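>>> build me a structure from this.
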Amino acid sequence: MSLEVSSWFVEQTLRQVGTPVRHFLMGGSDYADWVLRWPTLRAHAGTIDLGTSTIRLANHERTFQFLVDSDMALTTSCEIALGYVHPTSGEERISLYVGQPTNVAFADGGTTLRLQLQGKTRQLNDAVLGTDVASGGVDFTTSDYYPADLAWTLVTSYGGMSTVWSSANPDIHVPGWAAWRDDNAIRDVRVRGYFTGEKIYEVLDRLAFMDSRVIHFQDGRLRVQEGIAPYDAAPEAFPERLATDLELVLDPGQVLNRYQVEADLDLETSRFQVSYTRVHTASAATFSTKAGRYSGRGLWFADVFDPICLAEDQVLTHARPLPRVRLRAPLAAGPHRTVGDVVTLSNSQLGLSQRPMRIVELGLDLDDARLDFVLEAARYRPWRHLSTVSSRNVLVRSLAAVDSGVLVALEETAFNAQVLRQDSAGSFQPLDIFGSALLVLNGSEAILGGPPTSSATHGVLARSPDGCATAVAVYSLSPGIRDVHHIFQVRSGTLLASTTSGGILRSTDAGSSWAQTWTISGHHHINRFVSPRSGTLWGATGHSNPLVTDGLAIWQSGDEGQTWALHHTVTNTGEIHAHGLYRLSDTEMLLGTTGGPTKFAGVYRGTRQPSDAVSWSIVLSAASFTDMLTTTSGDLLFGFDVAFTGAGGGVYRSQDMGSSWILDTQATKRGNVRLVERGDGTTDAYISRAINGQRTDRYRREDIATPL
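Sure, this is the predicted structure:
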């Protein structure tokens with residue numbers, strides 16, 4: 001988020017032949033000709049308190065006597081600015097510093113003076129929020145607040161800054177603040193606070209840290225931007241020829257692989273009731289455990305799901321040491337750059353090839369026309385929100401790609417099992433087709449199973465030649481059997497479909513005709529087929545009544561689904577059934593489960609023994625399965641919904657073929673998660689919310705083997 005300048009301005013800095021014009025204004029009058037020494041302006045991403053700036057001025061003919069004669073002069077606004085003069089349209093100028101005099105010292109017999117300026121941080125340094133509990137501190141505990149909204153209230157209502165919600169705000173850069181609030185709404189992060197003597201800038205700094213933000217003053221306005229760069233950032237290339245005195249440092253002390261967040265303060269006992277810990281096991285094994293901790297100190301998250309956002313950001317982005325670069329450059333490197341900007345840096349000797357680097361410290365020496373940078377390798381939040389793809393009441397049951405990547409979606413059966421298809425803008429639009437299961441054979445050809453209409457009492461199997469735009473029923477299920485749970489293609493080309501009441505149907509002609517070949521049980525059905533090895537099929541059971549506690553079983557067929565036999569029982573009790581079954585290798589399986597209204601499910605990893613027996617162990621608990629895929633880098637992504645609690649949904653990642661998992665991203669609204677690999681190194685997650693908005697949002701993550 002560089003300062004707003006035109007391409008012509010950037011061109012002038014890079015030319016190195018133009019002469020920048022410096023300005024020092026007091027009360028609107030320019031005193032640049034009286035400046036003896038210009039200051040060095042510094043900014044740090046880690047603090048919003050930029051301190052003071054000192055400028056040396058000549059006082060010939062008592063030019064600045066008004067500072068002595070008028071008390072009001074010491075409240076006059078002062079500004080330091082820099083610009084280039086366009087040959088036809090006049091000067092384009094950027095404001096570098098805005099403040100007020102805090103100390104004036106005349107020297108050399110009154111012929112010079114040293115003027116010390118204090119920026120607008122003074123408003124945030126001086127004000128305190130409440131005194132003690134007895135006299136009633138500043139209370140933000142009666143409601144849950146977005147961090148951006150609470151920060152806005154503090155700097156405007158308590159810090160005296162402008163409340164204008166537009167780019168015309170003279171104190172706050174509103175577009176950056178609006179982006180912060182939008183991200184709060186997407187992730188649904190909420191906080192509370194109770195302040196008894198804290199200064200505004202201290203609370204503001206903690207709010208920024210809690211939400212991975214950088215807050216600093218620039219051009220006289222309070223600016224906020226992401227401290228973790230989004231993947232769609234388009235950074236400018238830092239001109240390699242301008243980098244001088246370049247130093248690169250790798251510090252393992254930067255690693256943070258275990259992080260604890262304390263939340264939910266009980267005001268009566270002043271104790272935190274909930275804590276959340278996130279550990280990056282691979283990093284801990286490599287660098288040993290390096291722990292961090294956050295406690296509220298008057299500011300805390302609204303519920304236990306919100307601390308997850310902070311813990312996962314800290315651990316996932318600090319799991320390995322990343323380069324830090326110090327360099328000097330002439331003014332041509334860009335006086336419009338600010339703390340928080342991301343640039344790409346190349347240096348063949350250091351092996352930096354267009355490496356994204358974030359500016360964390362910046363010094364601008366206006367006397368020597370020099371810039372001093374401290375850059376860190378840009379840390380990325382794993383997932384970023386792209387768009388809302390459905391504003392209607394949709395819970396996505398499954399996704400499939402047709403017609404060169406266009407996605408077709410099925411709704412959950414509770415919402416009529418309607419088929420939806422992406423339009424040119426990527427939004428899902430409902431079709432006049434219904435179904436509870438979908439298999440795309442090739443290109444636009446697809447097989448649909450389930451109710452043919454929203455009011456149908458029994459289901460069909462249908463064939464579509466045009467990516468689900470139309471479909472023709474080729475088989476009718478028995479009366480009262482409405483849903484098809486899974487359609488599976490055996491390697492030989494045979495198709496299998498499972499239905500309610502345990503029926504298994506089979507087609508040997510690409511879905512043109514079907515016949516029922518087996519019935520597992522009147523209560524159980526196959527929720528997922530898989531081929532664990534050549535010549536063998538498995539089917540994991542579900543139950544038509546989620547309250548039944550019959551457990552979960554695996555059935556096996558050796559004749560391409562014509563006959564089946566019980567192979568083994570994963571668990572013989574509990575409100576649990578299969579919702580996903582995946583082959584990792586000839587001997588390793590991954591089983592996703594879901595449970596009844598009072599049961600958290602989990603992910604099991606199965607190992608087939610030489611005797612053909614399978615041993616199962618839970619590798620991820622308390623997360624209801626929604627979807628899984630293997631990325632091109634070999635990682636496993638697992639979509640989950642923390643069902644039955646009214647909250648939770650997101651993605652876990654495993655880098656060791658399912659033995660251990662880390663939380664990639666969490667959406668605090670429950671709902672289905674469906675994963676799609678796009679083929680260009682990125683993965684999309686479609687998270688469907690079951691409450692608060694009833695919408696489907698699309699997130700994206702770069703699929704990189706080594707995180708930046």
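>>> how does this structure divide into domains?
7-119, 124-226, 252-321, 384-702 (automatic domain parsing).
>>> so can I have TSV of those domains showing distance to Asp245, mean neighbour count and mean pLDDT?
In this view, the C-beta of every residue, glycine as well, is placed from N, C-alpha and C. Converted to TSV, the domains of the chain look like this (distance: least, C-beta to C-beta, whole Å; neighbours: other C-beta atoms under 10 Å; pLDDT from 0 to 100):
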stretch	distance to Asp245	mean neighbour count	mean pLDDT
domain 7-119	16	16	86
domain 124-226	24	19	85
domain 252-321	22	18	82
domain 384-702	32	19	81
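>>> including distance to Arg241, could the ones you listed go into TSV?
TSV is the format used below for the domains of the chain (distance: least, C-beta to C-beta, whole Å):
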stretch	distance to Arg241
domain 7-119	10
domain 124-226	26
domain 252-321	28
domain 384-702	29
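>>> for Ala329, which of these is the nearest?
domain 7-119 (10.6 Å; C-beta to C-beta).
>>> and the closest one, how far from the chain's centre?
Here the centre of domain 7-119 is set off from its chain's centre by 40 Å, with C-alpha atoms, centre = their mean, to the nearest Å.
>>> same question for stretch 443-463.
On C-alpha atoms, centre = their mean, the centre of stretch 443-463 falls 36 Å from the chain's centre.
>>> which one of the domains of the chain lies nearest to Asp367?
domain 7-119 (4.6 Å).
>>> re earlier: nearest to Leu371, out of the domains of the chain?
domain 7-119 (10.1 Å).
>>> can you give me the end-to-end span of that closest one?
Distance between the two ends of domain 7-119: 29 Å, counting by C-alpha to C-alpha, to the nearest Å.
>>> which SS class is the residue nearest to Cys309 when sequence neighbours are not counted?
Closest residue in space to Cys309, ignoring its immediate chain neighbours: Val189 at 5.4 Å, by C-beta to C-beta, 6 or more residues apart in numbering. Put simply, Val189 is coil when judged by DSSP: H, G, I helix; E, B strand; the rest coil.
>>> can you check Arg181 too?
helix.
>>> if I look at it, how far off is Thr344?
Distance of Arg181 to Thr344, computed by C-beta to C-beta, to the nearest Å: 29 Å.
>>> cool, and Ile228?
From Ile228 over to Thr344 (counting by C-beta to C-beta), the distance is 17 Å.
>>> quick one: which of these two has more around it?
Counting neighbours by other C-beta atoms under 10 Å for Ile228 and for Thr344 shows that Ile228 has the greater number, 19 against 16.
>>> check what pLDDT that one gets.
At Ile228, the model reports a pLDDT of 77.
>>> pull the contacting residues for it.
Applying C-beta atoms under 8 Å, 6 or more residues apart in numbering, we find Ile228 in contact with 212, 313, 317, 379-381.
>>> re earlier: quick check: the residue nearest to Cys309 touching Asp306?
Yes. Look at Val189 against Asp306 with C-beta atoms under 8 Å: they come within range, at 5.1 Å.
>>> surely Gln418 and Ile433 touch.
Yes. Between Gln418 and Ile433 there is a contact at 7.5 Å, judged by C-beta under 8 Å.
>>> quick one, helices of the chain?
Using DSSP state H, the helices of the chain run over 7-15, 66-69, 121-126, 147-153, 174-187, 200-210, 281-287, 305-317.
>>> show me what the longest one is in contact with.
In this structure, residues lying in contact with helix 174-187 by C-beta under 8 Å, 6+ apart are 1, 146-149, 151-152, 164-167, 211, 213, 223-226, 309, 385, 667-668, 697.
>>> again with the last one
Taking C-beta under 8 Å, 6+ apart as the criterion, the residues outside helix 305-317 that touch it are 187, 189-191, 210-212, 228, 256-263, 274-280, 283, 292, 294, 301, 379-382, 647-648, 662-666, 668, 707.
>>> restricted to strands, list the residues you listed.
Judged by DSSP state E, the contacts of helix 305-317 include 191, 258-263, 274-279, 292, 294, 301, 662-666 as members of strands.
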